[in-house]
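In: Requesting a structural model of the entry that follows:
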Amino acid sequence: MTSLPFRCTACGEERLVDERERGRTAYCHACGGAIEVPESLAFPEPAQIRAVKKFGLRLDTVLLLSLYTGLLPVSAACWWFAGRAIGRAEEAGLPVERQLRFTWMMSIVVTVGHALIWTVVLAAVWR
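Out: Residues are numbered from 1 along each chain as shown. Next up is the predicted model:
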C-alpha cells in the first residue's frame, strides 16, 4: 500500500495518506483537523517505488566503493545522480525515499572529504 504526505491546513503537521483514503476526509494526528483527500490523487505504482529503492541501493554501493578507493569523480557523480533522482520525484509529486536522501547527503560528505584529502595530498607532493 502506497501513501503520500499531506499537510494539515489547521496546524501544518504532515500526515501520510493511504490509497484507501482517496476521496474521503482524513484527520490530522496532531490536532484532529480535517484533511480533504482528492479523488483524483495519483499514487505511485509499487513497481515505481521498488525501482527508486533499488536505484538508491545501487548508488550506496558505488558511493561506498568510491569512499574506499578515494575516487573523487565517482562520489561527485553519485551526488549528481541522487540529486537528479530526488528532483524528478519532487517534480512528479512523488514521495522521496529516505534511502535516496541519505545517499545524496552522504555523497556530499564523501565528495567534500575526497576534495580535502586530495588537496592536502597534492599540496604535500608539490612542495
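In: can you give me the offset of the helix or strand that contains residue 17 from its chain's centre?
Out: Using DSSP states H and E, residue 17 sits in strand 14-18. In terms of C-alpha atoms, centre = their mean, to the nearest Å, the centre of strand 14-18 is set 17 Å apart from its chain centre.
In: what about the next helix or strand after it, average pLDDT?
Out: The helix or strand immediately downstream of strand 14-18 is strand 25-27, counting by DSSP H and E. Average pLDDT, strand 25-27: 84.
In: So which elements touch the helix or strand that comes right after strand 25-27?
Out: Sequence order places strand 34-36 as the next helix or strand after strand 25-27, per DSSP H and E. On a contact count with 3 or more C-beta pairs under 8 Å, 6 or more residues apart in numbering; DSSP states H and E, strand 34-36 meets strand 25-27. Where C-beta positions appear, they are placed from N, C-alpha and C, glycine not excepted.
In: Provide a list of residues in contact with the residue nearest the centre of the chain.
Out: Nearest to the mean C-alpha position of the chain, by C-alpha atoms, centre = their mean, lies residue 101 at 3.1 Å. Residues near residue 101 by C-beta atoms under 8 Å, 6 or more residues apart in numbering: residue 86.
In: Go again with 10 Å.
Out: Counting by C-beta atoms under 10 Å, 6 or more residues apart in numbering, residue 101 makes contact with 56, 82, 85-86, 89.
In: got it, and residue 105?
Out: Contacts of residue 105 (C-beta under 10 Å, 6+ apart): 79, 82.
In: again, but for the one 10 residues further on
Out: The neighbourhood of residue 115, defined by C-beta under 10 Å, 6+ apart, consists of 72, 75-76.
In: Report the residue spans of the protein with pLDDT below the cut-off.
Out: Within the chain, the ranges that satisfy pLDDT under 70 run 1-4, 41-49.
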